[in-house]
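Visitor: Sequence and predicted model, in that order:
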Amino acid sequence: FYERCVQILADIDEAESSVRQDNPEPKGTLRLTVTSAFGRIVILPLLNEFLKKWPELEIEISFTDRIIDLVEEGFDLGIRMGDLPVDSLMVARRITHCQHCIYASPAYLQQHGTPENIHEIGSHQRLIYGLQSDSGVWQLAEKAGAEIAIVGNRRLRFDSGEAIKDAAVAGMGIALMPSFLAADDVHHQRLVRLFPAWAGRDIAINAVYPHRKHLAAKVRQFIDMLVMHFPS
């Protein structure tokens, strides 16, 4: 209760500064929720410079793939991947996007062979995201416009993108996963991208925050930092 009251007073101070037009600096605590993999790989490295720029600001972060009610749980801002439900109480701003691409480790390809065409992937060990009974279909599109649905082996299923990446690096199968998740392992040759002409659909990455007439400086500055980091 005390912490929420302190935050309310900080918001009032920002509002008064805005009326005086003296460009208020972010203060108080920014409570942020981000998806686990994107938060750790992309957002976390940005925080140091942001905190240096705004010394009066504190940040609390929840790394979770669980869908969180921002208002109910007291978060100022959420970073979410994929399509969002229509909600008049929320504002969503697209900050970037990512593609799901196909990866395998050199060890897996040496042991099981490299598929010669996209259709052969269905006969390989695929690493599936999602524990639901209907998970396991990979919808892919080619740059030239062709589309295909990959089905077949789905003996290994996970509820964590990072676990899929680790399993792929360990040579346990072929994975379809976000490019940012595989980038470091591709750079260090622990993973190889297969069929670069094919990929899953673009996935939007959005900054989501409760609809308010006055957007707190801490939220506005964090979103501005993200937009500058992803200029396209």
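Guide: Noted; the coordinates are in hand.
Visitor: so what's the closest residue in space to residue 26 that isn't next to it in sequence up against?
Guide: Spatial nearest neighbour of residue 26, chain neighbours left out: residue 218 (3.7 Å); criterion: Cβ to Cβ, 6 or more residues apart in numbering. Every residue, glycine included, has its C-beta placed from N, CA and C. By Cβ atoms under 8 Å, 6 or more residues apart in numbering, residue 218 lies in contact with 26-28, 30, 54, 57, 76.
Visitor: Look up which residues are beta-bridged to residue 174.
Guide: For residue 174, the beta-bridge assignment (DSSP bridges) gives partners residue 126.
Visitor: Tell me how many other residues surround it.
Guide: 22 (other Cβ atoms under 10 Å).
Visitor: my guess is it contacts residue 126, does it?
Guide: Yes - counting by Cβ atoms under 8 Å, residue 126 is a contact partner of residue 174 at 5.5 Å.
Visitor: any residues in contact with both of the two?
Guide: In contact with both residue 174 and residue 126: no residue, using Cβ under 8 Å, 6+ apart.
Visitor: Now for the contacts of residue 218: which two are most distant?
Guide: Maximum pairwise distance in these, criterion Cβ to Cβ, is 13.8 Å, between 54 and 76.
Visitor: Give me the more crowded residue out of those two.
Guide: It is residue 76, of residue 54 and residue 76, that has more neighbours when counted by other Cβ under 10 Å, with 22 against 19.
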